[in-house]
Structures are given as structure tokens and as C-alpha cells.
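pasting a predicted model and its sequence here:
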Amino acid sequence: MGASVSCTVRDYKGKSAIITVDVAGIPTLAKAKQLADYIVIHSDAQVINYGCSQSTTLTTDSCDAGDYDRVYQKLVYLFSDMNGKSKRFSLPAPRDEDVDVDQEGAKADATAIAVLLKNIGATTGALVFNGSGLVSKIPKQRKTS
């Protein structure tokens, strides 16, 4: 699958489905909204989401090796907003320099993440940093040899 737009719908029983359409050129939210608008008019299901994606084929290995280079190893940053609601940001396969000797993230990184979350609209107010730490989940199928 290459570039695509999608729309997620939910029926009256709470079941959901995703309609995905491959598109030529660059997928945009405007194209995804056109799909969602069509579904609203022609389906009894409720549109709950729409979006776009574009796959990229890499010709070289762009992954780095490090102590925490697996995606199931995450550096989790915890925040709270002005209303006391928690906000969490997980960074998979964090770079070694972002994890200190206590397997916690740096406060400077937390500040940058708080700015990122505000800039992309994940929060509207200031966030208070409540700590961070490395979390590892063992994959369901482990290499045995």
C-alpha cells in the first residue's frame, strides 16, 4: 500500500470499520475529509475519524544501534495539565544520550516534549513534568536460539 486516505466509522452497535483508499500523489487531510464527507452522506454509520498516510521505502538501514534500540523499550514522560489531568508521552527506542544512568529522561527533553505537545495541539495549557522512566515490555515471541 502506498499513499492513502482513510475514514473510520462506527455503527449503532459500537462496531467500527476503516475505509482506506489508495491515492495518487500526496495524500492530504483535505482528500481524507472529502472521503469522510461522502461517507457521512451515503452511510448510516457515524464517521469518527479520518486521516492520511504515505509509506516511504528506505533503501538503507536508517536504524541506530544502542542500549535501548528496541521499540518495546520506551522512555515514558509523565505530565499533568493545569486541571490535574495526566498526559503521557512514550518515546520508543530512545537514544542512549536521552537516558541517564538511573534510566530516566532528562528534564530538558521533557521541556521540549511539553512544547511539542502544545504545538501539535495535544494540550492547550502549560504542562507540569512529573518524571520519566524506561519501560520495557518483552515481546510475545522471543528469539530462542
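Arrived safely, thanks for sending.

list the buried ones in the strand or helix carrying F89?
Per DSSP states H and E, F89 falls inside strand 86-92. By neighbour count with 16 or more other Cβ atoms under 10 Å, strand 86-92 contains the buried residues K87, F89, L91. (Each C-beta comes from the backbone N, C-alpha and C, glycine too.)

what of stretch 98-116?
Buried, per 16+ other Cβ under 10 Å, within stretch 98-116: D98, V99, Q103, E104, G105, D109, A110, I113, A114.

gap between A17 and K74?
According to Cβ to Cβ, to the nearest Å, A17 and K74 sit 29 Å apart.

more neighbours: the two, which one.
A count of neighbours by other Cβ atoms under 10 Å puts K74 above the other of A17 and K74, at 19 against 11.

tell me what that one is bridged to.
K74 forms beta bridges with P92, V135, as assigned by DSSP bridges.

give the rounded mean pLDDT of stretch 108-120.
Per-residue pLDDT over stretch 108-120 has a mean of 89.

contacts for that stretch next, please.
Y77, F79, K87, F89, D98, T123, T124, A126, L127, F129, S132 (Cβ atoms under 8 Å, 6 or more residues apart in numbering).

between those, which has the most around it?
Going by other Cβ under 10 Å, S132 tops these with 27 neighbours.

which SS class is that one?
On the three-state scheme (DSSP: H, G, I helix; E, B strand; the rest coil), S132 is labelled strand.
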